[in-house]
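Novice: this one's sequence-less:
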């Protein structure tokens, strides 16, 4: 006897339904006073306050909303991306990432070819008469060394790092080479949260900045940890590892961009 097409269809339908992702949990609120369900129009998600339409009781739903938010928030560790080096030693953490370009570097690299042209024109004007062999050799040497130096800088530039070091008391951030940027130190007991934010550098390039919320005597302040990381995955990984090492529970902050 041949196969029943209807049975085959129903079997296939069951397999497809089985592979579907589970539906998100739906939260229903019951009044803690009379245990009656509270309709959605009596729930204020902005203030996390509810009013029971049965007994007119008013109560907080902050705990239930936070629990639902955590359940629906897909949390997955970000794997270490290329370009970020991480080392654990006892209770210390070291993270290194390539330095963002400073304004001075962008200006210098942009105007260097123009500077070479200006020097060349001055040199030619100075030796307007038929150039001697020595003069030609000097000019050729200048051109070659300028081109080699210009290209070599871009290769060596990848070794310029920002180092984040965390011990049992402080978080340090250091630029090597310094480039006139001072090393900074923050007490880890004052660090409340780490978050990332999209930015556009003065050069026009887009990136992601990493910030910390630090408790200060005058209130909380937002501190720029790294002003530009060229990959969102790198920024999220650095944020994740710092919070994990410091035991900080990740939460959304007003300035954070998802």
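Specialist: On my side now, so go ahead. Quick caveat: nothing in here was measured; it's all calculated off a predicted structure.
Novice: Is it correct that residue 53 is in contact with residue 42?
Specialist: Yes - at 5.6 Å, residue 53 counts as touching residue 42 under the criterion of CB atoms under 8 Å. Where you see a C-beta, it was placed from the backbone N, CA and C, and this is true even at glycine.
Novice: Make sure residue 146 is actually in contact with residue 116.
Specialist: Yes - using CB under 8 Å, residue 146 is in contact with residue 116, at 5.0 Å.
Novice: Tell me where the stretch 1-150 of the chain has helices.
Specialist: Along the stretch 1-150 of the chain, counting by DSSP state H, counting those that start in this stretch, helices occupy 5-18, 62-72, 103-126, 133-156.
Novice: need those helices in TSV with distance to residue 37, can you?
Specialist: Formatted as TSV, these follow (distance: least, CB to CB, whole Å):
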stretch	distance to residue 37
helix 5-18	29
helix 62-72	13
helix 103-126	60
helix 133-156	65
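Novice: In a markdown table: these, plus mean pLDDT.
Specialist: Formatted as a markdown table, the helices of the stretch 1-150 of the chain follow (pLDDT from 0 to 100):
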| stretch | mean pLDDT |
| --- | --- |
| helix 5-18 | 46 |
| helix 62-72 | 64 |
| helix 103-126 | 85 |
| helix 133-156 | 86 |
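Novice: Out of the ones you listed, which is closest to residue 222?
Specialist: Proximity to residue 222 (CB to CB) singles out helix 103-126 among these, at 21.4 Å.
Novice: What lies in contact with the closest one?
Specialist: 135, 138, 139, 142, 143, 146, 150, 153, 179, 202, 203 (CB atoms under 8 Å, 6 or more residues apart in numbering).
Novice: Quick check: the farthest pair among those?
Specialist: Taking CB to CB as the measure, the contacts of helix 103-126 have their most distant pair in 135 and 202, spaced 40.2 Å apart.
Novice: Which one's more surrounded, those two?
Specialist: residue 135 (15 against 10; other CB atoms under 10 Å).
Novice: Roughly how far does the more buried one sit from residue 126?
Specialist: 9 Å (CB to CB, to the nearest Å).
Novice: Report how many residues lie close to residue 184.
Specialist: Residue 184 - counted by other CB under 10 Å - has 14 other residues nearby.
Novice: Is it bridged to anything, and to what?
Specialist: residue 173 (DSSP bridges).
Novice: any idea how far it lies from residue 122?
Specialist: From residue 184 to residue 122 the distance is 43 Å (CB to CB).
Novice: To what extent is the residue nearest to residue 161 when sequence neighbours are not counted buried, counted in neighbours?
Specialist: Sequence neighbours aside, residue 96 is the residue nearest to residue 161 in space, at 4.6 Å (criterion: CB to CB, 6 or more residues apart in numbering). Look at residue 96: counted by other CB under 10 Å, it has 17 neighbours.
Novice: cool, and residue 194?
Specialist: 24.
Novice: related to what we said a few turns ago, now the contacts of helix 103-126 in TSV, with distance to residue 104?
Specialist: Below are the contacts of helix 103-126 laid out as TSV (distance: CB to CB, whole Å):
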residue	distance to residue 104
135	33
138	29
139	28
142	23
143	25
146	19
150	16
153	13
179	7
202	11
203	11
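Novice: Mind picking the one among those residues that's closest to residue 190?
Specialist: residue 179 (26.5 Å).
Novice: ok, that closest one touching residue 102?
Specialist: Yes - the criterion here is CB under 8 Å, and residue 179 meets it with residue 102 at 5.7 Å.
Novice: Nice, that's everything, thank you.
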